[in-house]
Every structure is written in structure tokens, then in C-alpha cells.
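S.K.: got a structure for you, letters missing:
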């Protein structure tokens, strides 16, 4: 593998892990730093564009979860866009949380990403989250099919 491409892949993996780390630590500043200025986030029927709006949506959603632990469990990165400063990817996520009412919540899902290399490094230009399961941690809820529009 090309050493430059390998370095890019490791940097994007690190971006995904920094995102999940910021979620667990509830660190809005660190989480915001993973986005481009014009980044777009689509999650749970919501969409926000621009770093400021994305962070405000994140704060709103995080307020509903007094506890959350997110793990990026594996993913793929695609550099076929023909531009060495652009890539896309897909990452699987496991998230454990407690909702405001104290009920436990397990979320299994997939992020579909677009990445852009900026002076500071790789950042999210787009993240779309599709839940594959959301419900009680005992998996008694109904799973959702993998999204076909990807």
C-alpha cells in the first residue's frame, strides 16, 4: 500500500475515534473540531449544515441522554473520488445510553461519511447516521434493514 494513502487512512480512522471519544466525554469543543466549517450532519430525522448548527443539534440530542458510550466498531474508507483530499467511508457504531427517564438504550447503526482534508487534517464534510437497531439493551426491539439508498 502507498505510504501516503496508509497515513491518510490512519488519519481518518483517528478522526472517527476522536468523534466517538468526544461523544463519551461530552466534549463539544473536541467534537466540533472533527467537522469542516460547512459540515453537514443528518441524524434521527434531523439535519444541520455548518459547524455551528451541527454543534447546536449535537447539544440538543446529547441533552436527552444523561449517559452515552459510543464505540466505532469498524469501518471502510474509499479514496476512489480521484481527488487525494477527498474520501468517503462507512463506519459501524455501537452506542449504550440512558435516556432522561432512566431507561437503558442500545443503538446499533452505521455512519455514511464524506471526508475532506483541510490544513488541520481530515474532517467530516458529511455524516449521515442510520440506526439499524434502537431499543432496550436486551435486543427485544425490532431491527431495521440496512439502508438501500447508499
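M.R.: That came in fine, so what should we check first? Please read all numbers here as calculations on a predicted model, not as lab measurements.
S.K.: pop out the phi and psi values for residue 85.
M.R.: Residue 85 adopts backbone torsions of phi -110, psi 10, taken as degrees, to the nearest 10.
S.K.: now it. Nearest residue, chain neighbours left out?
M.R.: The shortest distance from residue 85 to any non-neighbouring residue, by Cβ to Cβ, 6 or more residues apart in numbering, is to residue 117 (4.0 Å). In this view, the C-beta of every residue, glycine as well, is placed from N, C-alpha and C.
S.K.: for the helix or strand encompassing that neighbour, packing partners?
M.R.: Secondary-structure assignment from DSSP states H and E places residue 117 in strand 104-118. Strand 104-118 is packed against helix 3-25, strand 86-98, strand 121-135, with contacts defined by 3 or more Cβ pairs under 8 Å, 6 or more residues apart in numbering; DSSP states H and E.
S.K.: how about 10 Å then?
M.R.: helix 3-25, strand 35-43, strand 67-78, strand 86-98, strand 121-135 (3 or more Cβ pairs under 10 Å, 6 or more residues apart in numbering; DSSP states H and E).
S.K.: run through the bridge partners of the residue nearest to residue 85.
M.R.: The partner list for residue 117 in beta bridges (DSSP bridges) reads residue 122.
S.K.: quick one: it and residue 4 touch, right?
M.R.: No - Residue 117 lies out of contact with residue 4 (Cβ atoms under 10 Å); the separation is 11.2 Å.
S.K.: quick revisit: let's have the helices and strands packed on strand 104-118 in JSON lines, adding distance to residue 108.
M.R.: Below are these laid out as JSON lines (distance: least, Cβ to Cβ, whole Å):
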{"stretch": "helix 3-25", "distance to residue 108": "14"}
{"stretch": "strand 35-43", "distance to residue 108": "14"}
{"stretch": "strand 67-78", "distance to residue 108": "9"}
{"stretch": "strand 86-98", "distance to residue 108": "6"}
{"stretch": "strand 121-135", "distance to residue 108": "4"}
